[in-house]
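1. My questions concern the predicted model and sequence given below.
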Amino acid sequence: MGQIAFHPLGEEHGIIVGEAATRFGEGAVETESGTRPRPPLSGEPLALELVNTTFVHGGLRGVPVDALTTPAELDLWLEEHAEALPREPARQASGPATASHLAGFRRLREALRELSRACVAEEPYGERAVAVVNRAARLAVSWPEIGDGAADGAADGGPVVRWAEADPRLVMLGAVAVSGVELLAGPGRRDVRACAAPGCVLYFVRTHRRREWCTPACGNRVRVARHNRQRRA
Ligand SMILES: [Zn+2]
């Protein structure tokens with residue numbers, strides 16, 4: 001883990017506090033061009049993808065970025081992860097996400113980050129964070145039904161999936177929570193890693209034994225720093 005702390009209280013209020021804030025000003029998330037960078041890492045389980053929407057852009061002296069500060073950014077993130085999210089609710093989503101949807105995803109993100117940190121540190125999970133994730137997981141309750149053919153879009157007569165929760169975005173929130181439960185309570189928890197590069201705050205699942213970094217960019221940065229140190233010595 002790097003030295004940049006995303007304070008839980010700051011999270012609630014959409015600001016980032018700690019050393020990063022002192023250096024860059026609270027909530028400093030804009031880049032020079034004015035366009036907000038996207039998370040550098042993808043392809044992790046949904047739960048870590050959500051955690052990784054807070055990241056540092058620009059290496060060791062980079063700026064902390066929160067890619068989930070507006071309902072529109074939430075919809076962008078959901079769209080980017082459509083492949084991994086339940087299809088039916090995604091299709092049924094009408095109208096843009098609301099502030100309440102955003103708050104739900106941010107609350108889940110905070111809990112998942114806390115649990116990921118504890119997982120890597122091999123500490124017991126905090127009760128409050130566990131409660132947030134478990135409560136959200138119930139939103140993903142679904143069952144198969146025999147549909148009425150064409151009306152359900154199941155032309156081949158296959159089962160139709162029904163969801164207990166009517167709000168499609170809450171079903172998707174549930175799906176992210178389920179991903180967290182499966183990862184952090186299952187055997188895969190042994191492979192959860194925090195990127196070892198200084199200043200990096202991302203989490204990933206170690207897919208091969210020698211993976212130490214979230215992205216090749218972090219690995220290169222560390223190798224260059226090591227090389228420069230050796231040249232000076
Ligand atoms: Zn990294």
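-> Okay, I see it.
2. interface residues of the chain facing the ion?
-> Proximity of the chain to the ion (Cβ under 5 Å from the ion) is limited to residues 195, 197, 200, 202, 214, 218. No exception for glycine: its C-beta is placed from N, CA and C like everyone else's.
3. hmm, which two among the residues you listed are most spread apart?
-> Farthest-apart pair in these is 197 and 202; separation 8.8 Å (Cβ to Cβ).
4. possible to save the residues of the chain next to the ion as a markdown table with pLDDT?
-> Below are the residues of the chain next to the ion laid out as a markdown table (pLDDT from 0 to 100):
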| residue | pLDDT |
| --- | --- |
| 195 | 94 |
| 197 | 91 |
| 200 | 91 |
| 202 | 95 |
| 214 | 92 |
| 218 | 90 |
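5. ok, back up a step: find residues that contact each of residue 197 and residue 202.
-> Shared contacts of residue 197 and residue 202 (Cβ atoms under 8 Å, 6 or more residues apart in numbering): 214, 218.
6. about what we covered before: inside helices: which ones of the residues of the chain next to the ion?
-> residue 218 (DSSP state H).
7. Quick check: residue 64 is in a strand.
-> Yes. Under DSSP: H, G, I helix; E, B strand; the rest coil, residue 64 sits within a strand.
8. Neighbours of it, how many?
-> By the criterion of other Cβ atoms under 10 Å, residue 64 has 25 neighbours.
9. roughly how far apart are it and residue 134?
-> Distance, residue 64 to residue 134, by Cβ to Cβ, to the nearest Å: 29 Å.
10. Strands along the protein, start to end?
-> Secondary structure of the chain (DSSP state E): strands at 54-57, 63-66, 142-146, 159-163, 192-194, 203-205.
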